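Undergrad: Sequence first, then the predicted structure, then my questions.
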Amino acid sequence: MHDMEAALREEIRQLAEEAFHRRLISGYGDGPTKNEYQIVFKGKPRHLPLKRARAFLDNLILRSRVRKASSV
């Protein structure tokens, strides 16, 4: 279970880094507990469970790509 959690946390970190560089979020990092991840979105920190953090970042990046493709 520890390996799965570490892999999930690494995946979230990579997604957060991509979202940060796309200027979709303004910050990210470990949450106050080991089961949470902090994402700063629209100036407000959000502490999300790991699976929800991954889904949030996936959706945010996907919507960004769709908007970019539709504006071309």
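TA: Alright, I've got the coordinates. Nothing here was measured: the structure is a model prediction, and the numbers come from that model.
Undergrad: which SS class is Ala16?
TA: Classification of Ala16 by DSSP: H, G, I helix; E, B strand; the rest coil places it in helix.
Undergrad: Okay, it and Gly29: tell me how far apart.
TA: To Gly29, Ala16 is 8 Å away according to Cβ to Cβ, to the nearest Å. C-beta coordinates here come from the backbone N, C-alpha and C atoms, glycine included.
Undergrad: and what of Leu50?
TA: Counting by Cβ to Cβ - Leu50 and Gly29 are separated by 13 Å.
Undergrad: Ile39 too?
TA: 9 Å.
Undergrad: Those two - which one has more neighbours?
TA: More crowded of Ile39 and Gly29, by other Cβ atoms under 10 Å: Ile39, with 26 against 11.
Undergrad: So that one versus Arg23, what's the distance?
TA: Going from Ile39 to Arg23 by Cβ to Cβ gives 14 Å.
Undergrad: can you pull out the helices in this protein?
TA: Listed in chain order, the helices of the chain (DSSP state H) span 2-21, 50-70.
Undergrad: Report all helices and strands that the longest one contacts.
TA: Counting contacts by 3 or more Cβ pairs under 8 Å, 6 or more residues apart in numbering; DSSP states H and E, the secondary-structure elements packed against helix 50-70 are helix 2-21, strand 36-41.
Undergrad: Apply 10 Å and report the result again.
TA: Where contact means 3 or more Cβ pairs under 10 Å, 6 or more residues apart in numbering; DSSP states H and E, helix 50-70 is packed against helix 2-21, strand 36-41, strand 44-49.
Undergrad: how about the CA coordinates for the longest one, as CSV?
TA: The C-alpha trace of helix 2-21 is given here as CSV (Å, rounded to 0.1, in the frame of the first residue of the first chain):
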residue,chain,number,x,y,z
HIS,A,2,2.9,2.4,0.8
ASP,A,3,4.3,1.9,-2.7
MET,A,4,0.9,2.7,-4.3
GLU,A,5,0.5,5.8,-2.2
ALA,A,6,4.1,7.0,-3.1
ALA,A,7,3.4,6.4,-6.8
LEU,A,8,0.1,8.3,-6.5
ARG,A,9,1.8,11.2,-4.7
GLU,A,10,4.5,11.3,-7.4
GLU,A,11,1.8,11.3,-10.2
ILE,A,12,0.0,14.2,-8.4
ARG,A,13,3.3,16.1,-8.0
GLN,A,14,4.0,15.8,-11.8
LEU,A,15,0.4,16.9,-12.6
ALA,A,16,0.7,19.8,-10.2
GLU,A,17,4.0,20.9,-11.7
GLU,A,18,2.5,20.8,-15.2
ALA,A,19,-0.6,22.8,-14.0
PHE,A,20,1.7,25.3,-12.3
HIS,A,21,3.8,25.9,-15.4
